[in-house]
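Asks: With the input below, show me the fold.
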Amino acid sequence: LAVHIQTSRALMVISLLLGFFGIIVSVVGMKCTKVGEDDPVTKSRIAVAGGVLFILAGLCTLAAVSLYATQVTHEFFRESRVPVNARYEFGSALFIGWGAASLSMLGGSLLCCSCPAKERRGQQYYRQSQPSTAREYV
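Replies: You can find the predicted model right below:
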């Protein structure tokens, strides 16, 4: 195979592995899971690490798809004896790849925003229930 196809394939495999590990790390870092520590700061840092993995996976996908699209564009406009209607064009897989890279980077950036503020670190907030005298019975 050509070098650009092998490079794109390697980048996509790396992207899949980063996305898989990003899913595992993000699930461990969710506040609703009991896996890991009970400290919310540690949980949010784990979630941020999962977000970074998703951003890296999206960047690898974006690089692979864009590399292939650049090669297709170069081949299309190059002077050759192949007629115009027989040359490669952008397929739907390229657009799906760009969309997947965008969504992966968006999800990773949202996970990176889950880090708590500095003044609230270490504090846990509990919802206080209303005293029994404040309740109305019907």
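Asks: any low-confidence regions in the protein?
Replies: 82, 84-88, 116-138 (pLDDT under 70).
Asks: Distance from stretch 104-113 to the middle of the chain?
Replies: In terms of C-alpha atoms, centre = their mean, to the nearest Å, the centre of stretch 104-113 is found 6 Å from the chain centre.
Asks: should've said stretch 33-51
Replies: So, by C-alpha atoms, centre = their mean, the centroid of stretch 33-51 is 17 Å from its chain's centroid.
Asks: Same question for that stretch: list its buried residues.
Replies: Residues of stretch 33-51 classed as buried: 40, 43, 44, 45, 46, 47, 48, 49, 50, 51 (neighbour count, 16 or more other C-beta atoms under 10 Å). In short, each C-beta sits where N, CA and C put it, glycine included.
Asks: Mind putting those residues into a markdown table with distance to residue 98?
Replies: Below are the buried residues of stretch 33-51 laid out as a markdown table (distance: C-beta to C-beta, whole Å):
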| residue | distance to residue 98 |
| --- | --- |
| 40 | 36 |
| 43 | 32 |
| 44 | 30 |
| 45 | 30 |
| 46 | 29 |
| 47 | 26 |
| 48 | 25 |
| 49 | 25 |
| 50 | 23 |
| 51 | 20 |
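Asks: Let me have these in a markdown table, extended by secondary structure.
Replies: Shown next, in a markdown table, are the buried residues of stretch 33-51 (DSSP: H, G, I helix; E, B strand; the rest coil):
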| residue | secondary structure |
| --- | --- |
| 40 | helix |
| 43 | helix |
| 44 | helix |
| 45 | helix |
| 46 | helix |
| 47 | helix |
| 48 | helix |
| 49 | helix |
| 50 | helix |
| 51 | helix |
